[in-house]
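1. kindly return the folded structure for what I paste below:
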Amino acid sequence: MKLKSREIFEPAPKPGTLIWASAHYTRGQGGAMLRWRSIESKSDLLDTMDQSFSEDNGRTWSPWTPVDFLSKSKSGTFRRWVMIRVPDPYTGRLLLVLLEGTLPTDDPLEGMQHYTLAYRVSADGGRSFIVNERIIQKGAYSPDHPAEGVWVGRNAMMSGYCALFAPEGRILIPITITPMGPNGVWHSPGGGWSYEDSAVMIGQWQKDGRIEWQRSQLIQADPKRTTRGLDEPALARMPDGRILIVMRGSNDGKPELPGYKWYSISGDDGFTWQKPQPWGYDDGAPFFSPSALSVLIEHTNGKYYWIGNICSRNADGNEPRYPLVIGEVDPRSLLLVKKTVMVIDDRGPDESEMLQLSNYSAHEDRENGDIVIYMTRLNVAPMRGDALIYRLKP
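-> Numbers count the residues shown, from 1 in each chain. Okay, the predicted model is just below:
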């Protein structure tokens, strides 16, 4: 693996603001792409969001236009983020999964009782949508009770950042569900800032472009070992058909615990899952990782890559979120191949220890096979972050 380049994709407009920006393919094949950018001046609240299109693999772009996926900052209003933007390689449709909900206040923890999921489907590369509706499990479910174990206003359903597709029309979306306590309202049994169980929504395309949804078995951790449960799951389907899920753990509030990533395996296309375990190297050694997202990529060269943060010392909750690394996943053991791990970016000697190299997306360039990573290099004090683009040659 070699780092080919690191450049600014979109600069932050001024100190005290972040810019989030990335690009992705919009059809099952070819070079049609969509890029988006959003400005953030207050944590977890987006001020603006714009998008533009390319038909030549990102060489040229149409003018920016505003989109309606805006997270509004006014208390008590509707808030929305696009979590997943991915084309189905078999049907060519573009699938968007959105996190949304009406929160009583701007406290992010309010979302643990109110967030739910919606999806949009486009047949023309994201320029228009043929489906725009809530994700609701088939059967006796409704917008207020969208899936087994979820009641809007009491607990929440959220999503990861990826999707898996199969030629028979099946779709796997990783999700998380906040657990309810004895009083029937969301609680945090691990004592951390929040708590989530992981699961998968398993969809099946219908003739009209809609998706029929089922929910998998919950993947539940021991709250005495990961204080915020299992969050931001990433999926990959191995050559033998097994599904690997890698999840964010945490030792928030209990720094004496080891901070790990956690993993589980499904042998029946995501319906049931093994007991989650700490994820580690292929030689059996564990590694420390902060409470932060990670990404799995299946490459056309036949290899599987993991992108995430590995710490030289034990994590303390969310920190430190550097360095950012990439390594191969062994398709037999489903563990990280230690000798392949390479640092993509790290904190410089004069940079804050609160630097975050942890907010990114990635895909394979369809023309040359590069692994392309879009990441906001976030400095906390003062808040500022440019969106960068990294190119790696496997």
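2. CA atoms for contacts and neighbours, from now on please.
-> Noted.
3. list the buried residues of stretch 294-309.
-> Buried residues in stretch 294-309, counting neighbours by 16 or more other CA atoms under 10 Å, are found at 294-299, 304-309.
4. mind checking pLDDT for the spatially closest residue to residue 287 that is not a sequence neighbour?
-> In this structure, residue 287 finds its nearest non-sequential neighbour in residue 280, 5.7 Å apart by CA to CA, 6 or more residues apart in numbering. The per-residue pLDDT reported for residue 280 equals 97.
5. just give the number of residues close to residue 280.
-> By other CA atoms under 10 Å, the residues close to residue 280 number 21.
6. hmm, back to that, of the buried residues of stretch 294-309, closest to residue 167?
-> residue 298 (16.0 Å; CA to CA).
7. that closest one touches residue 305, doesn't it?
-> Yes. In this structure residue 298 lies within contact range of residue 305 using CA atoms under 8 Å: 6.6 Å.
8. still on that earlier bit, so what pairs up with the residue nearest to residue 287 in the strands?
-> Counting by DSSP bridges, residue 280 is bridged to residue 286.
9. I'd say it and residue 334 touch.
-> No. The criterion here is CA under 8 Å, and residue 280 misses it with residue 334 at 9.4 Å.
10. residue nearest the middle of this structure, spatially speaking?
-> When the chain is reduced to its mean C-alpha position, the closest residue under CA atoms, centre = their mean turns out to be residue 161, at 2.8 Å.
11. my understanding was that that one contacts residue 234; is that so?
-> Yes. Applying CA under 8 Å, one finds residue 161 in contact with residue 234, separated by 7.1 Å.
12. overlap in contacts, the two.
-> Both residue 161 and residue 234 are contacted by residue 174, under the criterion CA atoms under 8 Å, 6 or more residues apart in numbering.
13. show the pLDDT at the residue nearest to the centre of the chain.
-> 96.
14. tell me the contacts of it?
-> 83-84, 174, 232-234.
15. quick one: which of these sit in helices?
-> Judged by DSSP state H, helices contain none of the contacts of residue 161.
16. of the residues you listed, which is the most crowded?
-> Using other CA under 10 Å as the neighbour test, the contacts of residue 161 are led by residue 233, with 30 neighbours.
17. from residue 176, how far off is that one?
-> According to CA to CA, to the nearest Å, residue 233 and residue 176 sit 8 Å apart.
18. shared neighbours of these two, which are they?
-> Listed as contacting both residue 233 and residue 176 by CA under 8 Å, 6+ apart are 160, 198.
19. helix or strand next in line after the lowest-mean-pLDDT helix or strand in the chain, which one?
-> Least confident helix or strand of the chain, by mean pLDDT, DSSP states H and E, is strand 45-54 with a mean of 87. Along the chain past strand 45-54, the next helix or strand (assigned with DSSP states H and E) turns out to be strand 65-66.
20. fine by me, thanks again.
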